[in-house]
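K.L.:
My questions are about this predicted structure, shown below with the sequence.
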Amino acid sequence: MTKLNDYHLKVTQEKMKSVAYWQKHPISHEECLSQFRRLREQRLANLSNW
């Protein structure tokens with residue numbers, strides 16, 4: 001059996017907190033699309049610098 005170290009436990013705990021927060025505070029469909037659009041633009045800008 002694999003044993004998780006303190007780092008993995010901390011990261012998992014932070015992720016669970018984040019999931020719980022966003023379940024209680026969902027964003028609108030429009031805001032979600034806007035975030036994906038911004039991320040796509042950032043990714044394309046980064047790739048064009050290569």
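P.N.:
Sure, I can see it. In this text, all values refer to a predicted model and were calculated from it rather than measured experimentally.
K.L.:
neighbouring contacts of the helix or strand where Ala45 lies?
P.N.:
Element membership of Ala45 [criterion: DSSP states H and E] is helix 29-48. Applying Cβ atoms under 8 Å, 6 or more residues apart in numbering, the external contacts of helix 29-48 come out as Ile27. (Each C-beta comes from the backbone N, C-alpha and C, glycine too.)
K.L.:
Let's test this: mean pLDDT of that helix, rounded?
P.N.:
Across helix 29-48, pLDDT averages out at 95.
K.L.:
just stretch 7-18 next, same as before
P.N.:
Averaging pLDDT along stretch 7-18 gives 95.
K.L.:
Just the residues contacting it, thanks.
P.N.:
Defining contact as Cβ under 8 Å, 6+ apart, one finds that stretch 7-18 is touched by Leu4.
K.L.:
chain center to it: distance?
P.N.:
Here the centre of stretch 7-18 is set off from its chain's centre by 12 Å, with Cα atoms, centre = their mean, to the nearest Å.
K.L.:
Can you mark which positions in it are buried?
P.N.:
Within stretch 7-18, not a single residue qualifies as buried, counting by 16 or more other Cβ atoms under 10 Å.
K.L.:
Just the CA atoms from it would do, formatted as PDB, please.
P.N.:
As requested, C-alpha coordinates have been extracted for stretch 7-18 and formatted as PDB (Å, rounded to 0.1, in the frame of the first residue of the first chain):
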ATOM      1  CA  TYR A   7       2.800  17.300   0.900                       C
ATOM      2  CA  HIS A   8       0.200  15.000  -0.800                       C
ATOM      3  CA  LEU A   9      -2.100  15.200   2.200                       C
ATOM      4  CA  LYS A  10      -1.900  19.000   2.100                       C
ATOM      5  CA  VAL A  11      -2.500  19.300  -1.600                       C
ATOM      6  CA  THR A  12      -5.500  16.900  -1.400                       C
ATOM      7  CA  GLN A  13      -7.000  18.800   1.500                       C
ATOM      8  CA  GLU A  14      -6.600  22.100  -0.400                       C
ATOM      9  CA  LYS A  15      -8.300  20.600  -3.500                       C
ATOM     10  CA  MET A  16     -11.200  19.300  -1.400                       C
ATOM     11  CA  LYS A  17     -11.700  22.800   0.100                       C
ATOM     12  CA  SER A  18     -11.700  24.300  -3.300                       C
END
